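>>> My questions are about this predicted structure, shown below with the sequence.
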Amino acid sequence: MQFSAQEIIETIRMVQMENLDIRTITLGISLRDCAHPDLQVVATKVYDKICRAASRLVPVGDEIERDYGVPIINKRISVTPIALVAELPLAMMVVKPGSVEPRDFISMSIEAASALCAAGAAVALVAAAWLAARQPPRAFGTTCVAIALLFCTLFTDLFPHAMISSMNDAFSLTLNEASSSRYTLSVMTVVAVLLLPFVLLYQGWTYWVFRRRVSAEDFGAVRSPVDLLSPREHGGGGTAGA
């Protein structure tokens, strides 16, 4: 195909003055020959064919830019819908009547773990109430266990979500979506490793200081805040009288 000088000059003018460019070049790849009863084999064949067919997509795009002098912004590929390629293995994965899907096993396991944690928390709370007047240290320990099991029950029941939408399950927030970036988590881990021992020591010290209840015998003759002020008032009056 021959181009006239006027057409070439017009194209150069459009490229330089009007920012003419080619938005996208697309390489079409048929994956119909990648079909196989084994889904893993399908994935391998699809990967190999895309890598083989599109290996020179970028160099060819650069050659087109140099040959015609028109910049190409995007280079992409278009493939056969995966639903057509993996139709056979997906059909073979249909569960037979009366069988249970793996997802159902996971859901049942999560529910069982949540029920066990809830039952353990209830037992720990009853034990703490029974030990409160008899053995306060053990009552404190069982209370801590009950609180931990209650939180385990909550988050186990929510898994894999962090927050469940009341409108539509598609709007629910998963743990993966709620988590921070890898860099943020790395920084937080370092800070936690450095500071957590000091926090635990401080909390342990406060619990040790307040390890037992305060009773009336610990205050002697003092029965109210007024009793604490009375000696000061008497002492002040004696000084004034002198």
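Now that the structure is in, tell me what you want to look at. The structure displayed is predicted, hence computed values, not measured ones.
>>> Quickly run through the sheet partners of the one helix or strand residue 26 maps to, with directions.
Using DSSP states H and E, residue 26 sits within strand 22-29. Strand 22-29 has the following strand partners under DSSP bridges: strand 72-79 (parallel).
>>> mean confidence score for the strand it pairs with?
Mean pLDDT, strand 72-79: 82.
>>> Over to stretch 182-189?
What stretch 182-189 shows for mean pLDDT is 89.
>>> Over to stretch 46-64?
Per-residue pLDDT over stretch 46-64 has a mean of 87.
>>> Buried residues of it, list them for me.
Buried residues in stretch 46-64, counted by 16 or more other C-beta atoms under 10 Å: 46, 49-50, 53-54, 61, 64. Every residue, glycine included, has its C-beta placed from N, CA and C.
>>> roughly how far out does it sit from the chain middle?
35 Å (C-alpha atoms, centre = their mean, to the nearest Å).
>>> what does it contact?
With C-beta atoms under 8 Å, 6 or more residues apart in numbering as the test, stretch 46-64 has contacts from 25, 27, 29, 31, 33-34, 70, 72, 75, 77, 79, 82, 85.
>>> repeat that for 7 Å
Under the criterion C-beta atoms under 7 Å, 6 or more residues apart in numbering, residues 25, 27, 29, 31, 34, 72, 75, 77, 79, 85 lie in contact with stretch 46-64.
>>> now swap in stretch 187-205 and tell me
Contacts for stretch 187-205 (C-beta under 7 Å, 6+ apart): none.
>>> which of the residues in it are buried?
With the criterion 16+ other C-beta under 10 Å, stretch 187-205 contains no buried residue.
>>> could you pull out the helices for this structure?
Under the criterion DSSP state H, the chain carries helices at the ranges 5-17, 39-53, 57-68, 82-85, 87-92, 102-131, 136-158, 175-178, 182-209, 225-241.
>>> of all the ones you listed, which lies closest to residue 215?
helix 136-158 (12.3 Å; C-beta to C-beta).
>>> could you give the angle of the closest one to helix 182-209?
160 degrees (axes from the mean of the first three to the mean of the last three C-alpha atoms, to 10 degrees).
>>> Now do the contacts for residue 24.
With C-beta under 7 Å, 6+ apart, residue 24 has these contacts: 73-74, 76.
>>> Let me see the contact set for residue 172.
161, 163-165.
>>> mind listing what's buried in the strand holding residue 26?
So strand 22-29, judged by 16+ other C-beta under 10 Å, has buried residues 25, 27, 29.
>>> for this structure, what are the low-confidence residue spans?
1-3, 12, 15-23, 69, 88-105, 216, 218, 222-223, 225, 227-242 (pLDDT under 70).
>>> of the contacts of stretch 46-64, buried ones?
25, 27, 29, 31, 34, 72, 75, 79, 85.
>>> now the helices of the chain as TSV including distance to residue 219?
Below are those laid out as TSV (distance: least, C-beta to C-beta, whole Å):
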stretch	distance to residue 219
helix 5-17	93
helix 39-53	76
helix 57-68	84
helix 82-85	77
helix 87-92	77
helix 102-131	26
helix 136-158	20
helix 175-178	50
helix 182-209	17
helix 225-241	9
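>>> most tightly surrounded among the ones you listed?
With neighbours defined as mean count of other C-beta atoms under 10 Å, those peak in mean count at helix 136-158, which reaches a mean of 16.
>>> Pull it out as CSV, backbone CA atoms only.
Only the C-alpha atoms of helix 136-158 are listed here, as CSV (Å, rounded to 0.1, in the frame of the first residue of the first chain):
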residue,chain,number,x,y,z
PRO,A,136,-9.5,-15.5,94.0
PRO,A,137,-6.3,-16.2,92.0
ARG,A,138,-7.8,-19.1,90.2
ALA,A,139,-11.0,-17.2,89.7
PHE,A,140,-9.0,-14.4,88.0
GLY,A,141,-7.3,-17.0,85.7
THR,A,142,-10.6,-18.6,84.7
THR,A,143,-12.1,-15.2,84.0
CYS,A,144,-9.2,-14.4,81.6
VAL,A,145,-9.7,-17.7,79.9
ALA,A,146,-13.5,-17.0,79.5
ILE,A,147,-12.8,-13.6,78.0
ALA,A,148,-10.3,-15.1,75.5
LEU,A,149,-12.7,-17.8,74.5
LEU,A,150,-15.5,-15.3,74.0
PHE,A,151,-13.4,-13.4,71.5
CYS,A,152,-12.3,-16.6,69.8
THR,A,153,-16.0,-17.5,69.5
LEU,A,154,-16.8,-14.1,67.9
PHE,A,155,-14.0,-14.1,65.3
THR,A,156,-14.3,-17.8,64.5
ASP,A,157,-18.0,-17.3,63.8
LEU,A,158,-17.2,-14.3,61.5
